[in-house]
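Visitor: Give me a 3D structure for the following:
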Amino acid sequence: MKAIKILILLLCFTSACIAQTDFNGTAKDRADLAKTSEIIHQAFFDGNADAVMSCHHPDVIKSFGYNSYIVGADSVRAGLVATFKSTHLEFLENKVESSLFNGNTAVETYLFTIKGTPKNGNKPFIFKGRSIVVYVRYKKSPTGWASIREVVQPAP
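Guide: Below is the predicted model:
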């Protein structure tokens, strides 16, 4: 009897220790996350900071380079408002390199190209890079996913 109890405990322990092996998420998870990106990209094109922020968690932190570390939704929003006043932005490319889902968290890596057109008539510019974005499930987001961390690596 003691051996059976030990065997049962061992089986329970072993099954609890098995790591998740499917990080693809459901079809709905993937579609909702893709919609999150679509909303953000359209909002950039429209210069709509509120729409961009609807897909961000209040505790968001973003880093756009070594000397850039922006904490909180209010700070991110302020940066967007200032940028949208002076520059029209358009995503020309946003290629998902990888996606990973684990419960209420998703991580995506993107290659992106953004065209910026200064509103003062200066010459347009292109900004390319790679970003890694961590999303969490968030009921206040229109898609159920919200960006909570992002690191951007500018292209050389």
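Visitor: Now residue 149: closest residue in space that isn't a chain neighbour?
Guide: Once flanking residues are discounted, residue 149 sits nearest to residue 134: 4.0 Å by Cβ to Cβ, 6 or more residues apart in numbering. For glycine as for every other residue, the C-beta is placed from the backbone atoms N, C-alpha and C.
Visitor: Run through the bridge partners of the one you found.
Guide: residue 107, residue 149 (DSSP bridges).
Visitor: OK, contacts around it?
Guide: 105-107, 147-150 (Cβ atoms under 8 Å, 6 or more residues apart in numbering).
Visitor: Buried residues, the helix or strand that contains residue 110. List them.
Guide: Residue 110 is located in strand 105-118, with elements delineated by DSSP states H and E. For strand 105-118, a neighbour-count test (16 or more other Cβ atoms under 10 Å) marks 106, 108-110, 112, 114-116 as buried.
Visitor: Please apply the same query to stretch 43-57.
Guide: 43-44, 47-49, 51-57.
Visitor: farthest pair in those?
Guide: 47 and 57 (21.9 Å; Cβ to Cβ).
Visitor: Looks to me like residue 85 is in a helix.
Guide: Yes - remark: residue 85 belongs to a helix, assigned using DSSP: H, G, I helix; E, B strand; the rest coil.
Visitor: one step back: tabulate the buried residues of stretch 43-57 in a markdown table, adding columns for pLDDT, secondary structure and distance to residue 75.
Guide: Formatted as a markdown table, the buried residues of stretch 43-57 follow (pLDDT from 0 to 100; DSSP: H, G, I helix; E, B strand; the rest coil; distance: Cβ to Cβ, whole Å):
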| residue | pLDDT | secondary structure | distance to residue 75 |
| --- | --- | --- | --- |
| 43 | 98 | helix | 17 |
| 44 | 97 | helix | 18 |
| 47 | 98 | coil | 18 |
| 48 | 98 | coil | 18 |
| 49 | 98 | helix | 12 |
| 51 | 98 | helix | 18 |
| 52 | 98 | helix | 13 |
| 53 | 98 | helix | 11 |
| 54 | 98 | coil | 16 |
| 55 | 98 | coil | 16 |
| 56 | 98 | strand | 11 |
| 57 | 98 | strand | 13 |
